[in-house]
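S.K.: below are the sequence and a predicted model; questions follow.
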Amino acid sequence: MAFSRRGFLKSLSRTALVLSLEDVLSLAWPALGQQAQQPAAQQKPGGSARQSYSAESRPAPKGSASPVSGTPLGVQFVDVAKDAGLNVETIFGGEHRNKYLLETTGCGVAFFDYDQDDWLDIFLVNGWRLEGFSKGKEPYSHLFKNNRDGTFTDVTIGSGLEHKTGWGQACCVGDYNNDGWNDLFVSYYGQNALFRNNGNGKFTDVTKEAGLLQDRLRWNSGCSFLDYDKDGNLDLFVGNYIDLDLKTTPKPEEANCTYKGIIVACGPPGLDGGKNLLYHNNGDGTFRDVSEKAGMWGTLGTYALSCAAVDLDGDGWPDIYVANDSTSATLYINQKDGTFKDQAIEAGVAYSPDGKPQAGMGVSIGDFNRDGLPDIVKTNFAGDTDSLYMNLGDGSFDDRTYQAGLGVNTRLLGWGISFMDIDNDGWLDILVANGHVYPEVDGTQVDAAYAERKYLYRNLRNGQFEDLSMSGGAGITTDAKARGFAVGDFDNDGDQDAVVNCVNAVPQLLRCDSSLNRSWIKIRLVGVKSNRTGIGAKIRVVAQTGSPVLSGKPDAALAQIEEVRSSNGYYSSSDLRYHFGLNEAKKVDLVEIRWPSGVVDTLKDLDVNRLYVIQEGGKLLKNEALKPAKKR
């Protein structure tokens, strides 16, 4: 579908439902210095640069005393990608200039134990360029097998993954056919791909047989497996970004599309948003498209990027949160009858603190304040803060971005993001991967660069975070053109590492080197009545961690809770062995698992520093100490 002035005004009219006329006009014609551009009357149809809400940076208000504020982090992130053998460059769009927005989004990555040897392997999504490639030179996505010694081997050729090429976007992991081997879905601008894991190191492209071929060109974006009807079979959500036709999309110079005076790719405002998709798993290896019937198209005109599928309202049914670019976020609440309703506005997770749409990129879910409720953190465009929404337990959220200390940074542009316990103290910290969307900013007077450093926020255990980015090691402070990243313990040493997919560069492998020697456990689930991956199951861990909180009292009464999910951050999939930092704990008092089927399993008095593989019904399939890889 061609882009038009009508489409642009339609997207603004939806915003006008909740904003004043002045605010709507500010979106159509941003103030000079945020995104400078000519008045709409002088633009060609579709001639609009990205509309990003601008926010002031400011420190958090003084909160309750924190027992850890000002203490050494005790952790350093080191980029070991080169030594580990991750030497393949991800190709995506132009290196110095982009003609279309298609060239800007980059790719995701998965920490993915495809061969079930309890060592995390890596799948890196790859992209394309407008000019194309000669036969035999096409870039393809890469699968790296973990050698168990801190290095990886590229095993793509012969795996069945090397035949699919194109504008790769996101990846998500889950056992869609319940055969005991996690499968891989990859979204594309163009036809998506479902790769069945054959259990022998090989994959088969079953997209057509599974009923997932699309009847038209789509810009598919974030994806997530979920069992939305709790029938034991994993369904599939696929976001859609823009209804993009390169034949009719204006080039930057034709439409006067500018960012701070620099000519850049047009969009997304003024372009038609894509329609999100939901596929129901039929239980026989096939899917059917239920998007319209399920209510995915009840909210249109958004530009979906990343997504997260978890139970956000506490009713036991998975919901879907979508980070949208330049428009309000979407929260599909599961109605328990096969349908969803967008209740993002009602829930308080649609807008900025002052009610304006933001340019959302990545999203992660976690219980940062350990009240037993899943919270949301989201990355946004440059000139804005990232967003932190605290779950209030009644189906609504409170925007705690400034109160929690995430409002201190606005200059960099966030993509990948994850809640993760960086220091194993039992409290979720936050890691953010940044990188500008426009390569054209390099070599200009604009206060921006294409490659950017990361943010690292330590949880202060009092509802606030401390920016320790400059203390987190060279892996954090080194600039990179980052997009998606995944979290997991690739060297099995008991702390969480990260792998970052970068644009037109080799990836980063950020090894976490800790001097803290704190306890931990990892839990992987195997469903029986529920889906085999255990997606949607809630894991509750209670241990005497000895971590002082607030007034200095120990946190023994505070549990840690995680819900198993298929996707995390921006376009990526993280370790399905769920990691719980335990600080000083000598044992785990209780592990409780609530499965999607309704089964509740309880295990008591577990040893620390071990991996537990637990089957639905309470059977312990594995209890082992992991032997860490030797550091190189």
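M.R.: Looks like it came in fine. Residues are numbered from 1 along each chain as shown.
S.K.: right, and Asn146 touches Gln116 too?
M.R.: No: using Cβ atoms under 8 Å, Asn146 is not in contact with Gln116; the gap is 11.7 Å. Placement of C-beta: from N, CA and C, glycine included.
S.K.: comparing those two, which residue is more hemmed in?
M.R.: Shown here are Asn146 and Gln116; by other Cβ atoms under 10 Å, Asn146 has more neighbours (24 against 13).
S.K.: skipping adjacent residues, who's closest to the more buried one in space?
M.R.: Closest residue to Asn146 apart from its sequence neighbours, by Cβ to Cβ, 6 or more residues apart in numbering: Trp119 at 4.0 Å.
S.K.: how much space between the one you found and Phe195?
M.R.: Separation of Trp119 from Phe195 (Cβ to Cβ, to the nearest Å) stands at 20 Å.
S.K.: got it, and Tyr241?
M.R.: Tyr241 is 22 Å from Phe195, by Cβ to Cβ.
S.K.: quick one, which of these two is more surrounded?
M.R.: Neighbours were counted for Tyr241 and for Phe195 using other Cβ under 10 Å; Tyr241 has more, 28 against 24.
S.K.: now do the contacts for the residue nearest to the spatial centre of the chain.
M.R.: The centroid of the chain falls nearest to Gly569 when counting by Cα atoms, centre = their mean (1.5 Å). Residues near Gly569 by Cβ atoms under 8 Å, 6 or more residues apart in numbering: 306, 362-364, 416-418, 433, 484-487.
S.K.: most neighbours out of those residues, which is it?
M.R.: Busiest of the contacts of Gly569 [other Cβ under 10 Å] is Gly484, holding 36 neighbours.
S.K.: and Leu516, what does it touch?
M.R.: Contacts of Leu516 by Cβ under 8 Å, 6+ apart are 74-75, 423-424.
S.K.: got the contact list for Thr602?
M.R.: By Cβ under 8 Å, 6+ apart, the residues touching Thr602 are 590-593, 618.
S.K.: how far away is Glu563 from Glu95?
M.R.: Counting by Cβ to Cβ - Glu563 and Glu95 are separated by 39 Å.
S.K.: check Phe340 too.
M.R.: For Phe340, the distance to Glu95 (Cβ to Cβ) stands at 40 Å.
S.K.: same check, this time on Thr249
M.R.: Taking Cβ to Cβ, one finds Thr249 at 21 Å from Glu95.
S.K.: quick one, which of those two is more surrounded?
M.R.: Higher neighbour count among Thr249 and Glu95: Thr249, with 21 against 15, using other Cβ under 10 Å.
S.K.: per-residue confidence for the more buried one?
M.R.: Here the pLDDT value assigned to Thr249 is 92.
S.K.: what of Gly301?
M.R.: 83.
S.K.: go ahead and confirm it touches Gly273.
M.R.: Yes: Gly301 is in contact with Gly273 according to Cβ under 8 Å; the separation is 4.8 Å.
S.K.: Leu161 belongs to a helix?
M.R.: No: counting by DSSP: H, G, I helix; E, B strand; the rest coil, Leu161 is not part of a helix but coil.
S.K.: tally up the residues packed near the residue nearest to Asn146, please.
M.R.: Around Trp119 there are 20 other residues, counting by other Cβ under 10 Å.
S.K.: same question, Gly617
M.R.: Applying other Cβ under 10 Å, we find 13 other residues in the vicinity of Gly617.
S.K.: one more: Pro628?
M.R.: For Pro628, the count of nearby residues is 14 (other Cβ under 10 Å).
S.K.: let me see the contact set for it.
M.R.: Each residue near Pro628 by Cβ under 8 Å, 6+ apart is listed here: 491-494.
S.K.: go again using 6 Å as the cut-off
M.R.: Listed by Cβ atoms under 6 Å, 6 or more residues apart in numbering, the contact set of Pro628 reads 491-493.
S.K.: any idea which element it lies in?
M.R.: Following DSSP states H and E, one finds Pro628 outside all helices and strands.
S.K.: ok, Gly581 next?
M.R.: Counting by DSSP H and E, Gly581 is found in strand 578-583.
S.K.: and that strand, what does it pack against?
M.R.: Applying 3 or more Cβ pairs under 6 Å, 6 or more residues apart in numbering; DSSP states H and E, one finds that strand 578-583 contacts strand 519-526.
S.K.: give me the angle between the strand it packs on and strand 578-583.
M.R.: Taking axes from the mean of the first three to the mean of the last three Cα atoms, to 10 degrees, strand 519-526 and strand 578-583 form an angle of 160 degrees between their directions.
S.K.: for strand 519-526, give the mean pLDDT please.
M.R.: Averaging pLDDT along strand 519-526 gives 98.
S.K.: can you list the residues that contact it?
M.R.: 424, 494, 534, 537, 539, 577-582, 585, 588, 608-609, 611-615.
S.K.: which of these count as buried?
M.R.: 424, 494, 534, 537, 539, 577-582, 585, 588, 608, 611-615 (16 or more other Cβ atoms under 10 Å).
S.K.: re the thing from before, between the contacts of Thr602, which is closest to Val186?
M.R.: Distance to Val186 across these (Cβ to Cβ) is lowest for Ile593, with 29.5 Å.
S.K.: what bridges to that closest one?
M.R.: Ile593 has these beta-bridge partners by DSSP bridges: Ile539, Asp601.
S.K.: shouldn't it be in contact with Val600?
M.R.: No: between Ile593 and Val600 there is no contact under Cβ atoms under 6 Å: 7.0 Å.
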